[in-house]
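> curious how this folds, go ahead:
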Amino acid sequence: MPGKKFHNPEPDLGSLELTAQLIRERAYGYYEQRGREDGHDLEDWFRAEAEVLGKKASDSEVAPKRAASSAVAA
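Residues are numbered from 1 along each chain as shown. Next comes the predicted model:
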C-alpha cells in the first residue's frame, strides 16, 4: 500500500551495539574479579549476556504490568 510505513521489528544497530558493549564490560569485570585468570572467557560472556538480556527482558515485562496495575487502581 503506497504511503504506509511498516514497523521494522529489528532493533536498530545502536541498540545492538550498546547491548554488546554492556555484555563486554560486565564479562571483563568478571575476568578482573577472578584476578585476570584466563580460560573462563565463554563462562564470563554467557553469564554477562544472561544478566544483561535478562534485565532488559524483565524491564520490558514490568512496564505492561505497571500500566495494568495503574488501570485497576484508578
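> show me where the chain dips below the pLDDT cut-off.
Low-confidence segments of the chain, defined by pLDDT under 70, are located at 1-11, 56-74.
> all helices of it, in order?
Counting by DSSP state H, the chain has these helices, from start to end: 13-33, 41-73.
> report the buried residues of the shortest one.
What that stands for is helix 13-33. Within helix 13-33, the residues that count as buried by 16 or more other C-beta atoms under 10 Å are 22, 23, 26, 27, 30, 31. C-beta here means a position set from N, CA and C on the backbone, and glycine is covered the same way.
> need the contact partners of it.
Residues from elsewhere that reach helix 13-33 (C-beta atoms under 8 Å, 6 or more residues apart in numbering): 37, 40, 41, 44, 45, 47, 48, 49, 51, 52, 53, 56.
> dump those to a markdown table, plus distance to residue 18.
Putting the contacts of helix 13-33 into a markdown table (distance: C-beta to C-beta, whole Å) gives the following:
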| residue | distance to residue 18 |
| --- | --- |
| 37 | 28 |
| 40 | 24 |
| 41 | 21 |
| 44 | 19 |
| 45 | 16 |
| 47 | 19 |
| 48 | 14 |
| 49 | 14 |
| 51 | 15 |
| 52 | 10 |
| 53 | 12 |
| 56 | 10 |
